[in-house]
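**Student:** show me how the following folds:
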Amino acid sequence: MTHHRCKILAGLLVAMAAGCGSGSGNDKAGAGGSSGSGSSGTGSGSTAGNSSGAGSGSTGSGATSGSGSTTLPDGAVVAPGTITCVPGIPTTTQFPRMTDAQYNNVVHDLLGVTTLATANNNLPSQLLYADFDGPMIADAWRLYQSTAATIAAEVMGNATEKANFISCDPSASGCLQQTIQTFGRKAFRRPLTTEEVTRFMNLANTTPAGQPSDIAQTTLEAFLQSPSFLYLPELTSTADPSGTGIDLSSYEIATRLSFMLWGSVPDATLNTAADNNQLQTSAQILTQAQRMIAVQSETGPLIAAFHEDWLQWNNASQHWFQTDHDPTIFTNYVPSDKNIFQQEEENVFVNVAFANGSMKDLFTTNVGFVNATTAPFYGLDATQYGTDLTQVALDSNQRPGFMTRSAFLSSYSDPQNSSPILRGAFIEAYLVGNNPGAPSSAAASTPLPTGNFTTNRERFEALANSGASCQSCHATIINPPGYAMENYNAVGQWQTVDALGGQIDASANVIFSTADTHVVNTPLELMQGIIATPNTQATYAQYWVSYAYGRQPNDQDQCEADTLNANLSKSGYSILNLLADLTQTDSFRIRVQATP
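**Tutor:** As a prediction, the model looks like this:
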């Protein structure tokens, strides 16, 4: 940035720093708010990008809908009945902040920027402060500023990207005002006020006068630092006719839709609907939601990210992609295979959803994605595949559902052998909801026994029966689901004969719920038991509500979770149906103000 451009931004940045740095303590996410929820507040702040004039901070303690990926606290699975439906609208912050992932999407969709050449080809968000809850902090604000400067400089130096910001000659009469209005409409997700346009235009009114190209770059930099860009403010004060709360404007609903479904700014069609005030009824919102959901390239990342969150990929205490396997035993395995396993699992989630599949289909699908590297893990001929992942139909009995793919199987294994404990504990704690809690210190320190075992299962059974501290949990609760998956070795290959020489026995008496304990003999029967467990479906619905709305489970949102749970039991109710229904709640188009 030239000295002159620093000077003409100086006054603007002082105002912005005041506007973003003094949010009240009420601006934090809901109780136990997690990283990525995007919630925060903004204090007073009349800047070139803040139409509010004076921001009073949050009106609630929870992040608003569309704020991005909120995860439940590590290890949390809220059992049915723990939270009870209480009709109403949960309080939300008026100032959710873009997550880092959303920032990447927005910069790409607005400007065509994917990586930054002058920053080691990093994603823009890699220059930012990591996602955090609460008011703006000094270091985060500083990084927003410096990243805005980097992006603006690169955009103005790249003809293709520059055209996404300014399509006329900066020195031409009217060009700057036109750019401020057209780009600002997209960046702020609403038309700029006359006052805002004037403030941006004033960036050119300096002595001595700046070069037109410098002024254009400074204008872009100012947009990318504006609270109205970094935040997704909801400032409308029109009371809902029912007296329930405050109706969101069509512009605010468009923002909720686009950030919830696509993680980015509204597209031209959604902007037109907002401009025409055609997002005020549930039917109008549903029309746009269904259109957007159908675009797999945009909604697919949401589908994948949600299922990663539901399955604890973001839980630091879990084992996804943490284990490397012994190459002297698994000669076709290399650590980089984990990246391919992850891509395959993400593709499975998206494939099920866009094949109009249901939650239950996640546990039974035989669709896989392999390349020459991973085909052998599924008993397929590597010579028939290239480097790209190819969709394949796997054996329906051997490969029912996402947990029979190498992503899960290799993650929930030990380096040398499969682990019935890791696999079984995951199923019981996170899918069917029978969480026995952390092991005792004595159990945790008990080593696997040595002896003349003919199967891996025999060794783990000996461990489970080695003392009361192990037996009470492992013999009856944790290990049985893992035994039912012993047909898969540590990297996910199907086996009928154990590496120790004995025949695999996959039969197990599995506790699915307090009302259902029964014997399963195959992985498919295990998956069918999981599907039939009420808690599996109930927690799936609850996770969707929490994730999509960007707030922790609460009594009001539990009403929607209960409705979705009931719908999931209906034949033909798909994951995409569920996603559309999340846009039909009163809380999606109405907000309430918290009592101070």
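**Student:** ok, residue 223 touching residue 181?
**Tutor:** No: the criterion here is Cβ atoms under 8 Å, and residue 223 misses it with residue 181 at 11.8 Å. Just so you know, the C-beta spots here come from the backbone N, C-alpha and C atoms, and that holds for glycine as well.
**Student:** show me which of these two is the more surrounded one.
**Tutor:** Taking neighbours as other Cβ atoms under 10 Å, residue 223 and residue 181 compare with residue 223 leading, 24 against 14.
**Student:** so what's that one up against?
**Tutor:** 49, 183, 184, 187, 200, 229 (Cβ atoms under 8 Å, 6 or more residues apart in numbering).
**Student:** doesn't residue 196 make contact with the third one?
**Tutor:** Yes: taking contacts as Cβ under 8 Å, residue 184 lies within contact range of residue 196: 7.1 Å.
**Student:** after the lowest-mean-pLDDT helix or strand in the chain, next one along is what?
**Tutor:** Here the helix or strand of the chain ranked lowest by mean pLDDT, DSSP states H and E is helix 3-21, holding a mean of 40. Counting by DSSP states H and E, the next helix or strand C-terminal to helix 3-21 is helix 100-111.
**Student:** buried stuff in whatever helix or strand comes next after that following helix?
**Tutor:** Per DSSP H and E, the first helix or strand lying C-terminal to helix 100-111 is helix 138-156. Of the residues in helix 138-156, 140-141, 144-145, 147-156 count as buried by neighbour count, 16 or more other Cβ atoms under 10 Å.
**Student:** any chance of CSV for those, columns distance to residue 582 and pLDDT?
**Tutor:** Listed next are the buried residues of helix 138-156 as CSV, based on distance: Cβ to Cβ, whole Å; pLDDT from 0 to 100:
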residue, distance to residue 582, pLDDT
140, 29, 97
141, 32, 97
144, 30, 98
145, 35, 98
147, 31, 98
148, 32, 98
149, 37, 98
150, 36, 98
151, 32, 98
152, 36, 98
153, 39, 98
154, 36, 98
155, 34, 98
156, 39, 98
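**Student:** residue 434: which of the residues you listed is nearest?
**Tutor:** residue 140 (40.7 Å; Cβ to Cβ).
**Student:** roughly how far does the residue lying closest to that closest one once chain neighbours are set aside sit from residue 318?
**Tutor:** Excluding its sequence neighbours, the residue lying closest to residue 140 (Cβ to Cβ, 6 or more residues apart in numbering) is residue 129, at 3.7 Å. When distance is defined by Cβ to Cβ, to the nearest Å, residue 129 is 25 Å away from residue 318.
**Student:** domain ranges for the protein?
**Tutor:** 3-25+99-230, 320-411 (automatic domain parsing).
**Student:** higher neighbour count, residue 129 and residue 318?
**Tutor:** For residue 129 versus residue 318, neighbours defined as other Cβ under 10 Å are more numerous around residue 318 (20 against 17).
**Student:** which of the buried residues of helix 138-156 sits closest to residue 539?
**Tutor:** residue 140 (32.9 Å).
**Student:** was I right about the closest one contacting residue 128?
**Tutor:** Yes: the criterion here is Cβ under 8 Å, and residue 140 meets it with residue 128 at 7.3 Å.
**Student:** what segments of the stretch 401-550 of the chain are strands?
**Tutor:** 508-513, 516-520 (DSSP state E, counting those that start in this stretch).
**Student:** tell me the most buried of these?
**Tutor:** Highest mean neighbour count of the strands of the stretch 401-550 of the chain: strand 508-513, a mean of 20 (counted as mean count of other Cβ atoms under 10 Å).
**Student:** what's the nearest residue to residue 86 if we skip its chain neighbours?
**Tutor:** Nearest non-adjacent residue to residue 86, counting by Cβ to Cβ, 6+ apart: residue 555, 3.8 Å away.
**Student:** typo on my end, it should be residue 349
**Tutor:** Computed as Cβ to Cβ, 6+ apart, the closest residue to residue 349 that is not its neighbour in sequence is residue 307, at 4.2 Å.
**Student:** what kind of secondary structure is the one you found in?
**Tutor:** Judged by DSSP: H, G, I helix; E, B strand; the rest coil, the three-state class of residue 307 is helix.
**Student:** what's near enough to touch it?
**Tutor:** By Cβ under 8 Å, 6+ apart, residue 307 lies in contact with 346, 349, 362, 402.
**Student:** now, the residues you listed that are in helices?
**Tutor:** 346, 349 (DSSP state H).
**Student:** which of the contacts of residue 307 sits closest to residue 457?
**Tutor:** Distance to residue 457 across the contacts of residue 307 (Cβ to Cβ) is lowest for residue 402, with 23.0 Å.
**Student:** wait, that closest one touches residue 360, no?
**Tutor:** No: assessed by Cβ under 8 Å, residue 402 is found out of contact with residue 360, at 11.9 Å.
**Student:** just to revisit the earlier point, can the buried residues of helix 138-156 go into TSV with extra columns for distance to residue 175?
**Tutor:** Output for these, formatted as TSV (distance: Cβ to Cβ, whole Å):
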residue	distance to residue 175
140	33
141	30
144	27
145	26
147	26
148	21
149	22
150	24
151	21
152	17
153	20
154	21
155	16
156	14
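**Student:** just checking, residue 524 touches residue 397?
**Tutor:** Yes: under the criterion of Cβ under 8 Å, residue 524 makes contact with residue 397 at 5.6 Å.
**Student:** which one of the two has more residues nearby?
**Tutor:** Comparing residue 524 with residue 397 by other Cβ under 10 Å, the one with more neighbours is residue 524, at 19 against 11.
**Student:** from residue 424, how far off is that one?
**Tutor:** Distance from residue 524 to residue 424, counting by Cβ to Cβ: 17 Å.
**Student:** top of the contacts of residue 223 by number of neighbours, please.
**Tutor:** Most neighbours among the contacts of residue 223, by other Cβ under 10 Å: residue 49, with 27 neighbours.
**Student:** before we move on, back to that, closest to residue 477 out of the buried residues of helix 138-156?
**Tutor:** Nearest to residue 477 among those, with distances taken as Cβ to Cβ, is residue 140, at 43.6 Å.
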